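Visitor: Turn this into a model:
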Amino acid sequence: MKKRSIYVASSWRNAHQPSVVLLLRAAGHVVYDFRNPGPGDHGFGWSEVSDGHDVPLDVPRFRAMLAKPRARDGFASDFRGMDAADTCVLVLPCGRSAHLEAGWFCGAGRRLIVYIPPGAPVEPELMYLLGGVVGDEDELLRKLDETGGAR
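Guide: This next block holds a predicted model:
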């Protein structure tokens, strides 16, 4: 089995994300976990830079949140994880950030695998043809073992 460096892109709300990280690590892969990117670091959360009024945001307030050192540190940590990885596993369902991360991998010529866990809602998305779509853990591990580039 080829060992890979993997960036797991998903959502904080996705209950499958932690088990996917554990599965991939147990298979011997190096995995970046945005929820726990390093010792004592439990990932970036918008509440860390918010003024307490969540939504709707206006552009000046959003820019001010993005400019805060904690937001920049969170971005830098996740981007280092992306840059170090040869493969992105997009775990559905997820939102905008994870899809931007997956798009970055495709644009960088790196591998993308879209994982739809059993029971997860499936919405059709044509651009998932940029990567392989898998539907269970065994299929995910087999796909990771395949040789090949971005697609």
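
Visitor: Alpha carbons only: can I get the lengthiest helix in the chain in CSV?
Guide: Using DSSP state H, we find that the single longest helix of the chain is helix 69-84. What follows is helix 69-84, C-alpha atoms only, in CSV (Å, rounded to 0.1, in the frame of the first residue of the first chain):
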residue,chain,number,x,y,z
PRO,A,69,-4.3,37.4,13.9
ARG,A,70,-6.2,34.3,15.0
ALA,A,71,-8.0,34.0,11.6
ARG,A,72,-4.7,34.5,9.8
ASP,A,73,-3.1,31.8,12.0
GLY,A,74,-6.0,29.4,11.4
PHE,A,75,-5.7,30.0,7.6
ALA,A,76,-1.9,29.5,7.7
SER,A,77,-2.3,26.2,9.6
ASP,A,78,-4.8,24.8,7.2
PHE,A,79,-2.9,26.0,4.2
ARG,A,80,0.3,24.4,5.4
GLY,A,81,-1.7,21.1,5.8
MET,A,82,-2.9,21.5,2.2
ASP,A,83,0.4,22.3,0.8
ALA,A,84,2.1,19.3,2.5
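
Visitor: residues of it that come out buried?
Guide: Residues of helix 69-84 classed as buried: 71, 74, 77-78, 81-82 (neighbour count, 16 or more other Cβ atoms under 10 Å). Yep, even glycine has a C-beta here, placed from its N, CA and C like the rest.

Visitor: One more: stretch 83-101?
Guide: Those would be 85-94, 98, 101, for stretch 83-101 by 16+ other Cβ under 10 Å.

Visitor: And those, which two are furthest apart?
Guide: 86 and 93 (24.4 Å; Cβ to Cβ).

Visitor: Okay, now the unreliable bits of the protein?
Guide: Scanning the chain with the threshold set as pLDDT under 70 gives 1, 53-54, 148-151.

Visitor: hang on, residue 29 packs against residue 8?
Guide: No: when contacts are counted by Cβ atoms under 8 Å, residue 29 is not listed as touching residue 8 (9.9 Å).
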